[in-house]
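**Student:** Got a sequence here, can you build the structure:
(one chain, ligands or ions: 2)
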Amino acid sequence: MALLEVSNVTMQFGGLTAIDNLSTRVEKGEIHAVIGPNGAGKTTLINVLTGVYPATSGSVSFEGVRIDGLRPYERVKLGMARTFQNLRVFPSLSVRENVTVSQFCRTTSGVVANTLRTRAVVREEARVRDRVDEALNFVGLADKAGWPSKSLPYGQQRLLEIARAMATEPKLLLLDEPGAGMTLQETQGLGVLIKRIRDRGITVLLIDHKMRLIMTVSDVVTVVNFGKKIAEDTPAAVQKDPEVVRAYLGARGLRT
Ligand SMILES: Nc1ncnc2c1ncn2[C@@H]1O[C@H](COP(=O)(O)OP(=O)(O)O)[C@@H](O)[C@H]1O
Ligand SMILES: [Mg+2]
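**Tutor:** Residues are numbered from 1 along each chain as shown. Ligands and ions are numbered 1, 2, ... in the order given. Predicted coordinates for the structure are as follows:
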């Protein structure tokens, strides 16, 4: 059983078909890349998978269970977490606060218990603090926990988004162009981080344009063009696929 199974998904916005009858399987434990030109439907795919948009047709299963009707927060609870192509950190909150807000999906205490500050609440707060610290440590931002997020360099704000997603303890992490705006060195660090995430048993769906990153970390690459899947294979095979070269790689090459 695949961790994520996408079956014949189509997503239309008015007359525009952003995803066209796309099927793919993301196997547990793999780093699965999705690449393709701008406007190919990559972000829309993440939005459909995470429940931002209901697909026009087709179905999505997670751990063998249909999730089509679930709201985004329900999918987070099941173990799906994402980052955004356009950063969504809260600029005036601290680094730590930005990660802490993601924890509400994993807390169980109600308003009454919180008001009374029961022992369970105190315990839960300690657990949240631990998870936040652990996530910040994992991405290398522990020493900046108290900084306002907006004072982080751009590449580190992207790491902060990853920490926030990691703190929800996902089984599947969906990264939408995490390398965008990163320096070459930051992108190399990102590649190492993505492999460390996978080594923790978290499956990764990775969208990016940085081909060196894609080719060095991915187990499988799905190539989309105009919403259609045009290839799916190992990085080495996809790189040589004539249709992929024509639609995407030709103009781009191995640009970092
Ligand atoms: N909410 C929306 N409403 C209308 N059109 C959209 C919406 N989201 C995406 N699109 C369109 O869907 C197509 C695919 O966009 P997108 O998924 O962002 O591509 P990519 O991430 O591959 O660059 C584009 O033509 C885009 O304009
Ligand atoms: Mg996009």
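**Student:** Could you list the low-confidence segments of the stretch 101-250 of the chain?
**Tutor:** Counting by pLDDT under 70, the low-confidence segments of the stretch 101-250 of the chain come to 104-116.
**Student:** Let me see the contact set for the residue nearest the centre of the chain.
**Tutor:** Relative to the mean C-alpha position of the chain, the nearest C-alpha, by C-alpha atoms, centre = their mean, is the one of Leu174, at 1.9 Å. Counting by C-beta atoms under 8 Å, 6 or more residues apart in numbering, Leu174 makes contact with Ile46, Leu49, Thr50, Met80, Ala81, Arg82, Thr83, Val204, Leu205, Ile207. C-beta coordinates here come from the backbone N, C-alpha and C atoms, glycine included.
**Student:** Using JSON lines, please lay out these together with distance to ligand 1, neighbour count and secondary structure.
**Tutor:** Below are the contacts of Leu174 laid out as JSON lines (distance: C-beta to the nearest ligand atom, whole Å; neighbours: other C-beta atoms under 10 Å; DSSP: H, G, I helix; E, B strand; the rest coil):
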{"residue": "Ile46", "distance to ligand 1": "8", "neighbour count": "21", "secondary structure": "helix"}
{"residue": "Leu49", "distance to ligand 1": "12", "neighbour count": "23", "secondary structure": "helix"}
{"residue": "Thr50", "distance to ligand 1": "13", "neighbour count": "21", "secondary structure": "coil"}
{"residue": "Met80", "distance to ligand 1": "18", "neighbour count": "27", "secondary structure": "strand"}
{"residue": "Ala81", "distance to ligand 1": "18", "neighbour count": "24", "secondary structure": "strand"}
{"residue": "Arg82", "distance to ligand 1": "13", "neighbour count": "24", "secondary structure": "strand"}
{"residue": "Thr83", "distance to ligand 1": "13", "neighbour count": "24", "secondary structure": "coil"}
{"residue": "Val204", "distance to ligand 1": "17", "neighbour count": "23", "secondary structure": "strand"}
{"residue": "Leu205", "distance to ligand 1": "13", "neighbour count": "24", "secondary structure": "strand"}
{"residue": "Ile207", "distance to ligand 1": "7", "neighbour count": "25", "secondary structure": "strand"}
